[in-house]
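Peer 1: Okay, structure incoming, though there's no sequence with it:
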Ligand SMILES: O=P(O)(O)OC[C@@H](O)[C@H]1O[C@@H](OP(=O)(O)O)[C@@H](O)[C@@H](O)[C@@H]1O
Ligand SMILES: [Mg+2]
Ligand SMILES: [Zn+2]
């Protein structure tokens, strides 16, 4: 948060925003519809815990149109996020905020990525004017685009739909890594 008197002394905000499907857990073209289908990507939960232990705040921004499509209930989604939170906590970390878009693509909402609504909610939650300098990690172009609209720094992972996304044109300045664990190695300076 910029200090009102000495903005140049404002501490850098160690906040990161993660996409869910294809970054934290395995994605599926048939949607992740149940607790059993919510399977962590190897290394991702531990990567989140390493960030937390280094003083980072972790937020998740996810499109969940499967709700509007009737593929799973809000209760099932809550159960998935409880499982995600519990597994991260077992690794010694925590997820500070999870925001999701429950709408159908045709609903014309403001929160479905690539629109910036979820990222605006995250910035407001942490009393930030924007997400300048905040890493935004995704496997789809819409994740990166939405985060950049608030000033976020785009990071693409090759997990989930990442390799497909790589076939297209990436936003300028996008950094590409194999997976979330490699992004965290980079951010914590522990990359070999
Ligand atoms: O990657 P995040 O945002 O966490 O979640 C993506 C999911 O909500 C689903 O989003 C769908 O896109 P449509 O919503 O049908 O366009 C499809 O891409 C599914 O394969 C995917 O599982
Ligand atoms: Mg995704
Ligand atoms: Zn929405």
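Peer 2: Sure thing, it's come through. Because the structure is predicted, anything quoted here is derived from the model rather than measured. Numbers count the residues shown, from 1 in each chain. Ligands and ions are numbered 1, 2, ... in the order given.

Peer 1: And residue 98, which helix or strand is it part of?
Peer 2: strand 97-101 (DSSP states H and E).

Peer 1: mean confidence score for that strand?
Peer 2: The average pLDDT for strand 97-101 rounds to 98.

Peer 1: Residues in contact with it: which ones?
Peer 2: 20, 59-65, 77, 81, 84-85, 109, 111-113, 117-118, 121-122, 125-126 (C-beta atoms under 8 Å, 6 or more residues apart in numbering). C-beta coordinates here come from the backbone N, C-alpha and C atoms, glycine included.

Peer 1: Would you mind listing which of those residues are buried?
Peer 2: 20, 59-65, 77, 81, 84, 111-113, 117-118, 122 (16 or more other C-beta atoms under 10 Å).

Peer 1: Just the ones of those in helices?
Peer 2: Mapping these onto helices (DSSP state H) picks out 65, 77, 81, 84, 117, 118, 122.

Peer 1: Which of those lies at the shortest distance from ligand 3?
Peer 2: Ligand 3 has its nearest neighbour among those in residue 117, at 6.5 Å by C-beta to the ion.

Peer 1: Please determine how far the closest one is located from ligand 1.
Peer 2: For residue 117, the distance to ligand 1 equals 13 Å [C-beta to the nearest ligand atom, to the nearest Å].

Peer 1: and the spatially closest residue to residue 41 that is not a sequence neighbour, how many residues sit next to it?
Peer 2: Spatial nearest neighbour of residue 41, excluding adjacent residues (C-beta to C-beta, 6 or more residues apart in numbering): residue 159 at 5.3 Å. As a burial measure, residue 159 scores 25 neighbours (other C-beta atoms under 10 Å).

Peer 1: hey, where'd the strands end up in the chain?
Peer 2: 15-18, 57-63, 97-101, 135-138, 153-157, 175-177 (DSSP state E).

Peer 1: From the contact counts, what lies against the fourth one?
Peer 2: The helices and strands touching strand 135-138, judged by 3 or more C-beta pairs under 8 Å, 6 or more residues apart in numbering; DSSP states H and E, are strand 15-18, helix 141-148, strand 153-157, helix 180-187.

Peer 1: returning to that earlier point: the strand holding residue 98: how far from the chain's middle?
Peer 2: 9 Å (C-alpha atoms, centre = their mean, to the nearest Å).
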